[in-house]
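> Compute the structure for the input listed below.
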Amino acid sequence: MIDRFSKALPALLAGAFFLAAPGALAADGAVVSDQCAACHGRNGVSSEPTIPTIAGYSEKYISDSLKNFKTKVRTCAQVTIASGPNKGKKSDMCKVTAELGDADADAVAKYLASQKFVRAKQPFDGALAAKGNSVYKLRCEKCHENNGSSPDEDNGILAGQWMPYLKEQIANFRAGRRPIDEKMKQRLDKVNKDEEEELLHFFASQQ
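Numbers count the residues shown, from 1 in each chain. Alright, predicted model coming up:
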C-alpha cells in the first residue's frame, strides 16, 4: 500500500504540493512527471544548470537517493523552485521526502528510469574537454562506463549532465557533505583542480 501523504510529494525538489490517494502515484506516471517538472523539468529533463536531469537514471540510484535525502544521509541543499505555482519559493530535498514512503520512492524511481536522458546544450572548452578525456579514462571509466553515459552501474549519468551541478557535487564529495565510497574517494583525491575542470568540460562536451 502506498503511504498516505499529509501534503504529499512534490517529487524530487518540486515543492508543488498535491493530495494523492493511495496508489495514485504508482499508477499514474504523469502525476509523478508533473510534480517533478517544477524543478527537474518535464519528465525529469532539467533546463536549470544547477538542477540535474534525472530522466534515465537507474531505478536503484533514484530510489536510494530519495531515501538518503529522507534520512538526511545526504545533504539537502536549498533551491529555488523553477516553475509551477510555487515558482520562486525555496525548498529542499529533506522537505520534499519527509513524508515519502519507500513504495512511493520506488514508484518515482521506476517512472523516471523509464524516461530518456536528454543531454544539456551548454558551452564548453574543446581543449579542456580533450584533456578531460584522458583524465576520465584514468580515474572514472571503471565505474562510469561509456564516457559516463551508462546508468547500469547505479552511479547516475555524467555525460551531458549540467556542468554547474556536477561541479557542486564534486565539491560536496570533497567536503564530506555527500557520502562517497572509499574507492571513489581514492580516485577523486588523485584528481587535482585543473584535472577536475577538464573532466567537467569533457562531460559537458557530450551533447
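> Show which residues not belonging to whichever strand or helix holds Lys137 make contact with it.
Assigning secondary structure by DSSP states H and E places Lys137 in helix 126-139. Defining contact as Cβ atoms under 8 Å, 6 or more residues apart in numbering, one finds that helix 126-139 is touched by 144, 147-148, 187-188, 190-191, 195, 197-205. The way it works is simple: take the backbone N, C-alpha and C, and place the C-beta from them, glycine included.
> average pLDDT across that helix?
For helix 126-139, mean pLDDT is 98.
> Run through the neighbouring helices and strands of the helix or strand just after it.
Next in sequence after helix 126-139, counting helices and strands by DSSP H and E, comes helix 145-148. On a contact count with 3 or more Cβ pairs under 8 Å, 6 or more residues apart in numbering; DSSP states H and E, helix 145-148 meets helix 193-204.
> how about a cut-off of 6 Å?
In terms of contacts (3 or more Cβ pairs under 6 Å, 6 or more residues apart in numbering; DSSP states H and E), helix 145-148 is packed against no helix or strand at all.
> Check which residues of that helix are buried.
Buried residues in helix 145-148, counting neighbours by 16 or more other Cβ atoms under 10 Å, are found at Asn147, Gly148.
> And the helices in this structure?
Secondary structure of the chain by DSSP state H: the helices cover 24-27, 29-40, 59-70, 93-97, 102-113, 126-139, 145-148, 163-175, 182-189, 193-204.
> Switch these over to CSV; also include distance to Thr80.
Shown next, in CSV, are these (distance: least, Cβ to Cβ, whole Å):
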stretch, distance to Thr80
helix 24-27, 25
helix 29-40, 9
helix 59-70, 17
helix 93-97, 13
helix 102-113, 21
helix 126-139, 29
helix 145-148, 27
helix 163-175, 14
helix 182-189, 28
helix 193-204, 23
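> Of those helices, which shows the lowest average pLDDT?
helix 24-27 has the lowest average pLDDT among the helices of the chain, namely a mean of 44.
> on that earlier part again, can you tell me which of the helices of the chain is nearest to Pro52?
Within these, the stretch nearest Pro52 is helix 163-175; the backing value is 4.8 Å (Cβ to Cβ).
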